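J.: using only what follows, build the 3D model:
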Amino acid sequence: MYLIIGASGFLGRYCIKNVLENTNENIIATYSQSRPIYRHSRVEWVPLNVCDINALKELSTHISNTTKIIYLAAFHHPDKVEEFPELAWNINIVALANAVNIFHNAKCLYYSSTDTVYGEGSREKKFLETDSLYPVNLYGKHKVLAEQICLTKGFNVVRFPFIFGTSLVEGRPHFFDNIKSDLEHRKIVEMFSDSYRSTLSFNQCAHYLISLIEKFGACSEKIINIAGDDVMSKYDAAITLADKYELDKSLIRPVSITQNNGIFRAKRAASGTLDNSKLKSLLNISEIHLEV
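T.: Prediction:
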């Protein structure tokens, strides 16, 4: 059985999709607010406030030494973390610490982290899992501490790149969907052309995560970058989208991140790319490229 905590978000829905497509496992999928519309005979939706320790204890009655846990719940918007630091701390740190302590007997737990833990990088230098961590904002610092909590309990951490793809969440479009819609309606789209990230789709990220869990359970490699080979700006990603759907690329206008610092409340690293050698070695993959 899989337990996916935070399953109603963009990545969570793709994790459900990949578990159903690639395994015979049933899924307990948690959500924090309104019950998702999606239904499947192998998916049981369960409401969960991760900050409610009694709710976590109740959920643990469904956990055994064969349960595979994916932990996606987070207060994750960097600007909102800066605005509501106490709430973010309770969700990102206190709730996680309670969860990994309560779910200690699970077969494995994979914690969803991010490339923001590394801090400022460059187009040329890809971060290894062993590199030092210098996050530039409070959200990144939360992720660093959350990783240590999971690692101390013997669980696994996966660090995701910039994820770019269509939403499976009913009534909630992703950044990808908004760009596609704007291009379809002949609207100008401005995208950063001088900020570089490793980039994959939601489906690819979920697929590689489920592949790791199915192959290894609790993997001996405790931290794994899940990322593609390609280093892309958001402008590059939008061009890839336009090519895929045969939309007008001339509507996509490059802008500089250095000239748009006022957009964000929290500081962002201009670039941060991930080395994926470990992932490719573990799954015996030679190349990984963005599939939109």
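
J.: are there helices or strands packed against the helix or strand harbouring Lys280, and which ones?
T.: With elements delineated by DSSP states H and E, Lys280 resides in helix 277-283, which encompasses its position. Other elements packing on helix 277-283 under the criterion 3 or more C-beta pairs under 8 Å, 6 or more residues apart in numbering; DSSP states H and E are helix 202-216, strand 223-225. Heads up, the C-betas are built off the backbone N, CA and C, glycines and all.

J.: neighbouring strands for the last one, and are they parallel or not?
T.: Counting by DSSP bridges, the strands paired with strand 223-225 are strand 156-160 (parallel).

J.: can you redo the helices and strands packed on helix 277-283 as TSV with mean pLDDT and distance to Ile102?
T.: Formatted as TSV, the entries for those read as follows, by pLDDT from 0 to 100; distance: least, C-beta to C-beta, whole Å:
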stretch	mean pLDDT	distance to Ile102
helix 202-216	98	20
strand 223-225	98	23
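
J.: including mean neighbour count and distance to Ala237, could the ones you listed go into JSON lines?
T.: As requested, the helices and strands packed on helix 277-283 are exported to JSON lines (neighbours: other C-beta atoms under 10 Å; distance: least, C-beta to C-beta, whole Å):
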{"stretch": "helix 202-216", "mean neighbour count": "21", "distance to Ala237": "13"}
{"stretch": "strand 223-225", "mean neighbour count": "22", "distance to Ala237": "18"}
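
J.: show me the shaky parts of this protein.
T.: Along the chain, the parts satisfying pLDDT under 70 run over 259-263.

J.: could you pick out the longest strand of this structure?
T.: Among all segments of the chain classified by DSSP state E, the strand with the greatest residue count is strand 108-114.

J.: follow-up on the earlier one: and the helix holding Lys280, what's buried?
T.: 278-280, 282 (16 or more other C-beta atoms under 10 Å).

J.: neighbouring strands of the helix or strand that comes right after the longest strand of the chain in the sheet, and parallel or not?
T.: Along the chain past strand 108-114, the next helix or strand (assigned with DSSP H and E) turns out to be strand 126-127. If you go by DSSP bridges, strand 126-127 pairs up with strand 273-274 (parallel).

J.: is it true that Glu287 touches Asp229?
T.: Yes: because the distance of 5.9 Å satisfies C-beta atoms under 8 Å, Glu287 is recorded as touching Asp229.

J.: returning to that earlier point: the helix holding Lys280: how far from the chain's middle?
T.: Per C-alpha atoms, centre = their mean, to the nearest Å, the displacement of helix 277-283 from the mean C-alpha position of its chain is 18 Å.

J.: those helices in the stretch 151-292 of the chain, which residues are they?
T.: According to DSSP state H, counting those that start in this stretch, the stretch 151-292 of the chain carries its helices in the segments 175-184, 202-216, 234-245, 277-283.

J.: what's the spacing between the third one and its chain's center?
T.: In this case it means helix 234-245. Between the mean C-alpha location of helix 234-245 and the chain-wide mean there is a distance of 20 Å, by C-alpha atoms, centre = their mean.

J.: any idea which of the helices and strands packed on helix 277-283 gets closest to Asp236?
T.: Ranking those by distance to Asp236, with C-beta to C-beta as the measure, places helix 202-216 first at 16.3 Å.

J.: make sure Val169 is actually in contact with Ile16.
T.: No: taking contact to mean C-beta under 8 Å, the distance of 10.9 Å between Val169 and Ile16 leaves them out of contact.

J.: which of those two has more residues huddled nearby?
T.: In this comparison of Val169 against Ile16, neighbours counted by other C-beta atoms under 10 Å, the higher total goes to Ile16 at 26 against 16.

J.: tell me who's in contact with that one.
T.: By C-beta atoms under 8 Å, 6 or more residues apart in numbering, the contact list for Ile16 reads 4, 7, 27, 29, 38, 40, 43.

J.: drop anything exposed from those.
T.: Of the members of the contacts of Ile16, the ones counted as buried by neighbours, 16+ other C-beta under 10 Å, are 4, 7, 27, 29, 38, 43.

J.: re the thing from before, what packs against the longest strand of the chain?
T.: strand 68-71, helix 138-152, strand 156-160, helix 202-216.

J.: got a markdown table for the ones you listed, with distance to Ala242 too?
T.: Below are the helices and strands packed on strand 108-114 laid out as a markdown table (distance: least, C-beta to C-beta, whole Å):
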| stretch | distance to Ala242 |
| --- | --- |
| strand 68-71 | 32 |
| helix 138-152 | 30 |
| strand 156-160 | 24 |
| helix 202-216 | 19 |
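
J.: which of the ones you listed sits closest to Lys267?
T.: In terms of C-beta to C-beta, the element of the helices and strands packed on strand 108-114 nearest to Lys267 is helix 138-152, at 9.3 Å.
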